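Peer 1: Compute the structure for the input listed below.
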Amino acid sequence: MNAESAPAPASSKAPRPLDVIVVGAGFGGLYAVYKFREMGLQVQGFEAGGDVGGVWYWNRYPGARVDLPSIDYSFGFSKEIEQEWTWSEYFAAQPELMAYFDFVAKRLDLRRHFRFNTRVERAAWDEERQLWVVTTAQGERFEAPYCVMATGPLSVPKDPDIPGLDRFKGELYRAARWPQTPVGYAGKRIGVLGTGSTGIQIVQEIGPQAGELFVFQRTPSFTMPMRNRRLDPDYVAEVKRHYPGLREAARNSPNGGLRPASTRAFFSVTPEERRRLLEDAWRNGGLAVLGTFSDLLLNPEANEHVAEFLRERIGEVVADPVTAEALKPRGYPVFARRPCLDSSYYETYNLPQVHLVDCISDPIVEITEKGIRTNSGEVELDMLILATGYDGLTGALLAFDVVGRDGRSVNDKWSEGARSYMGLMMEGFPNLFMTTGPNGPAALANIVRISENDVDWIATLMTHMAKNGLGAVEPALEAENAWMDIVAALAGRTLVSQAKTWYVGANVAGKPQGLSLFTGGFTKYREYCSAAIQNGFRDLVFEHEKLAVAA
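Peer 2: As a prediction, the model looks like this:
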């Protein structure tokens, strides 16, 4: 997979005229570049990584695998892509996901519109010329009326807030920036920090290979059996015949995907029936348990019943009762943290070389030259793997300088928490768009369906502006405030806000706390997006095109 980049303009020349700048080459960025190109616009994409793939380009850690069905976690805008690409597994592993991105980029000739290994350091709005001026780390400048931030909700890794990390002399790896060269585990004493989705996948993958593996756990996660399997060719052919209907069903589902979602309330059926339904969901695997009842994130008592069912499963698998008890999540609602899927996570703790370090009863004091010191003593390590997550939702836009009207930066605007209009735009930042941005459904629905929805909405707005001679657009402050009121009202009714997660910014010291997610479901979100189009974008403030000013 050899990435190609568009030729850079010579620094002594004026920037090449562009219509749209796109930052990011994941699902949102690839579709944005394709969509705007097909509209006849001049598009330039930028990607800090060396190729397409977004978060999957970076996440090469051992065991990396998607937790949504492959047929659902894929583009739906191209019938050719759907028919020509064939998934091999129900839940695709990272190499197959990268092969898919490579196929899409080649099939649609997208790489020539991107500059890879190019980090955007600044984006500033030029009021007089109604242009965004983007500056790269190499000092090159690009200008376009529109700028689309397809940077994704998870793109800025976060190191643990533990003293001494820079002192460690052994092998140090970050899951979110895994090397492309092979890493060996045999005979080594390995430590893993973090037991979210990434940590779970790493532990079950390298546990059988390591000389000894020490898993440092602060907050245990609820994880359910993935039940991954090879896809039968007859089933794949059937899916391909029915893709149009499947995509439409996904677009009109609360989770933006094909996972079943019941309207059945937990206490509407007898205890015996509830147990049978949960047992069936457990056997089926994936996120079936989440969709078994409709009120698990609304009714605390129902949620605790399901949580206890999952805790029982842990005790049935893990042989050592002390380890099993430490692995049982308590103190937060199930599914309020990101639900995880595994193939053999709990079974891995039955291996003699795998040890759980409970950092609640035995807190980490510091990282040393030789390993990790807890209250009970030092654990010497040859290798340390950080699976400590991301500065989610807002981290990407706060990682560089984005300056809007009157010199106001995104950092200023979001100093007390992320604000936006439908997760797509911000007041004070004309012609700046986001895909899967904060205060949209982002992490709570299928990110591919969200990305396609967002890009299509942005394209419709651009077309409206072109037809009406409009040069700049931003949400009215009243409209942005009204949207934030909707987000806050919904957040107050869901148990999602009751866990200390990256959803609410709890994993980053000093970050404003609050649930920056639309929790009303993807179907309702699409209704809001459609209403904005149908009412002629009345919540937005437009400016007519100004006379062209020489650069």
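Peer 1: Just give me the neighbour total for Ile533.
Peer 2: Ile533 has 13 neighbouring residues, counting by other C-beta atoms under 10 Å. Where C-beta positions appear, they are placed from N, C-alpha and C, glycine not excepted.
Peer 1: Actually, Thr198.
Peer 2: Residues within reach of Thr198, counting by other C-beta under 10 Å, total 23.
Peer 1: Going forward, count from 118.
Peer 2: Let's use 118 as the start, then, which means that last one is Thr315.
Peer 1: Tell me which residues touch it, please.
Peer 2: Taking C-beta atoms under 8 Å, 6 or more residues apart in numbering, we find Thr315 in contact with Asn176, Tyr178, Ala181, Ala292, Ala293, Ala504, Gly506.
Peer 1: cool, Cys457 as well?
Peer 2: Counted by C-beta under 8 Å, 6+ apart, Cys457 has contacts Asp184, Gly313, Ser314, Ile317, Ser338, Phe339, Thr340, Met341.
Peer 1: after the lowest-mean-pLDDT helix or strand in the chain, next one along is what?
Peer 2: Using mean pLDDT, DSSP states H and E, helix 512-515 stands out as the lowest-scoring helix or strand of the chain, at a mean of 72. Downstream of helix 512-515, the next assigned helix or strand under DSSP states H and E is strand 518-520.
Peer 1: Quick one: list the elements packing against that next one.
Peer 2: In this structure, strand 518-520 makes packing contacts with strand 237-243, helix 527-530, judged by 3 or more C-beta pairs under 8 Å, 6 or more residues apart in numbering; DSSP states H and E.
Peer 1: rewinding a little: which pair in the contacts of Thr315 has the greatest spatial separation?
Peer 2: Greatest spatial distance among the contacts of Thr315 (C-beta to C-beta): Ala181 and Gly506, at 14.4 Å.
Peer 1: Rebuild the helices and strands packed on strand 518-520 as CSV, extending it with distance to Leu657, mean pLDDT and mean neighbour count.
Peer 2: Converted to CSV, those look like this (distance: least, C-beta to C-beta, whole Å; pLDDT from 0 to 100; neighbours: other C-beta atoms under 10 Å):
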stretch, distance to Leu657, mean pLDDT, mean neighbour count
strand 237-243, 16, 96, 19
helix 527-530, 17, 91, 17
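Peer 1: could those go into CSV alongside distance to Ser478?
Peer 2: As requested, the helices and strands packed on strand 518-520 are arranged in CSV below (distance: least, C-beta to C-beta, whole Å):
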stretch, distance to Ser478
strand 237-243, 44
helix 527-530, 39
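Peer 1: hmm, back to that, out of the contacts of Thr315, which comes closest to Arg391?
Peer 2: Nearest to Arg391 among those, counting by C-beta to C-beta, is Gly506 at 32.9 Å.
Peer 1: any idea whether Leu330 is helix, strand or coil?
Peer 2: Three-state call for Leu330 (DSSP: H, G, I helix; E, B strand; the rest coil): strand.
Peer 1: Show me the beta-bridge partners of it.
Peer 2: The partner list for Leu330 in beta bridges (DSSP bridges) reads Ile307, Val471.
Peer 1: OK, contacts around it?
Peer 2: By C-beta under 8 Å, 6+ apart, Leu330 lies in contact with Ile307, Gly308, Val309, Val320, Ile323, Gly324, Gln470, Val471, His472.
Peer 1: Filter the residues you listed down to the buried ones.
Peer 2: Among the contacts of Leu330, those scoring as buried are Ile307, Gly308, Val309, Val320, Ile323, Gly324, Val471 (criterion: 16 or more other C-beta atoms under 10 Å).
Peer 1: Hmm, the third one is touching Val320, no?
Peer 2: Pointing back at Val309 there. Yes: here Val309 lies in contact with Val320, judged by C-beta atoms under 8 Å, at a distance of 5.8 Å.
Peer 1: Pull the contacting residues for Ile567.
Peer 2: Ile567 neighbours (C-beta under 8 Å, 6+ apart): Gly373, Thr552, Thr553, Gly557, Pro558, Ala559, Phe639, Tyr642.
Peer 1: so where does it fall, helix or strand?
Peer 2: Using DSSP H and E, Ile567 sits in helix 564-584.
Peer 1: packing partners for the very next helix or strand once past that helix?
Peer 2: Later in the chain than helix 564-584, the nearest helix or strand by DSSP H and E is strand 587-592. The contact analysis (3+ C-beta pairs under 8 Å, 6+ apart) places strand 587-592 against helix 564-584, strand 657-661.
Peer 1: One more pass at 7 Å, please.
Peer 2: Using 3 or more C-beta pairs under 7 Å, 6 or more residues apart in numbering; DSSP states H and E as the contact test, the elements touching strand 587-592 are strand 657-661.
Peer 1: Next, show the common contact partners of Val309 and Val320.
Peer 2: Common contacts of Val309 and Val320 (C-beta atoms under 7 Å, 6 or more residues apart in numbering): Leu330, Val332.
Peer 1: And the strands in the stretch 318-467 of the chain?
Peer 2: 329-334, 340-342, 457-459 (DSSP state E, counting those that start in this stretch).
Peer 1: Show me what the last one pairs with in its sheet, parallel or antiparallel.
Peer 2: As defined by DSSP bridges, the strand partners of strand 457-459 come to strand 340-342 (parallel).
Peer 1: Can you give me the buried ones in the strand it pairs with?
Peer 2: Quick answer for strand 340-342 (16+ other C-beta under 10 Å): Thr340, Met341, Pro342.
Peer 1: Could I get the contacting residues of Pro547?
Peer 2: Here Pro547 is in contact with Trp242, Arg522, Ala589, Val590, Glu591 (criterion: C-beta under 7 Å, 6+ apart).
Peer 1: okay, the nearest residue to the second one once chain neighbours are set aside: pLDDT?
Peer 2: Of all residues not flanking Arg522 in the chain, Gly545 sits nearest, at 5.0 Å (C-beta to C-beta, 6 or more residues apart in numbering). Taken from the predicted model, the pLDDT recorded for Gly545 is 97.
Peer 1: which element is Gly545 on?
Peer 2: Using DSSP H and E, Gly545 sits within no helix or strand.
Peer 1: for the one 10 residues further on, same thing?
Peer 2: Pro555 belongs to no helix or strand when assigned by DSSP H and E.
Peer 1: ok, now how distant is it from Val300?
Peer 2: 34 Å (C-beta to C-beta, to the nearest Å).
Peer 1: Between those two, which is the more surrounded one?
Peer 2: Remark: of Pro555 and Val300, Pro555 carries more neighbours, 28 against 15, as counted by other C-beta under 10 Å.
Peer 1: where's the more buried one relative to Tyr538, distance?
Peer 2: Distance, Pro555 to Tyr538, by C-beta to C-beta: 11 Å.
Peer 1: what do you get for Val221?
Peer 2: Separation of Val221 from Tyr538 (C-beta to C-beta): 30 Å.
Peer 1: okay, these two: which has more neighbours?
Peer 2: Taking other C-beta under 10 Å, Val221 and Tyr538 do not tie; Tyr538 has more neighbours (25 against 22).
Peer 1: And the pLDDT at that one?
Peer 2: In this model, Tyr538 is scored at 97, pLDDT.
Peer 1: Spatially nearest residue to it (excluding sequence neighbours)?
Peer 2: In space, Tyr538 is closest to Pro592, 3.7 Å off (C-beta to C-beta, 6+ apart).
Peer 1: Now do the same contact list for that neighbour.
Peer 2: By C-beta under 7 Å, 6+ apart, the contact list for Pro592 reads Tyr538, Met542, Glu544, Asp656, Leu657.
Peer 1: Can you tell me which of those residues is nearest Gly166?
Peer 2: Nearest to Gly166 among these, with distances taken as C-beta to C-beta, is Met542, at 25.8 Å.
Peer 1: picking up where we left off before, which ones among the contacts of Cys457 map onto helices?
Peer 2: Taking DSSP state H, the ones among those that sit in helices are Ser314, Ile317.
Peer 1: Can you tell me which of the contacts of Cys457 is nearest Arg610?
Peer 2: Phe339 (21.2 Å).
Peer 1: Can you give me the neighbour number for the residue lying closest to Arg566 once chain neighbours are set aside?
Peer 2: Residue nearest to Arg566 in three dimensions, not counting chain neighbours: Gly373, with 3.9 Å by C-beta to C-beta, 6+ apart. Residues lying near Gly373 (other C-beta under 10 Å) number 26.
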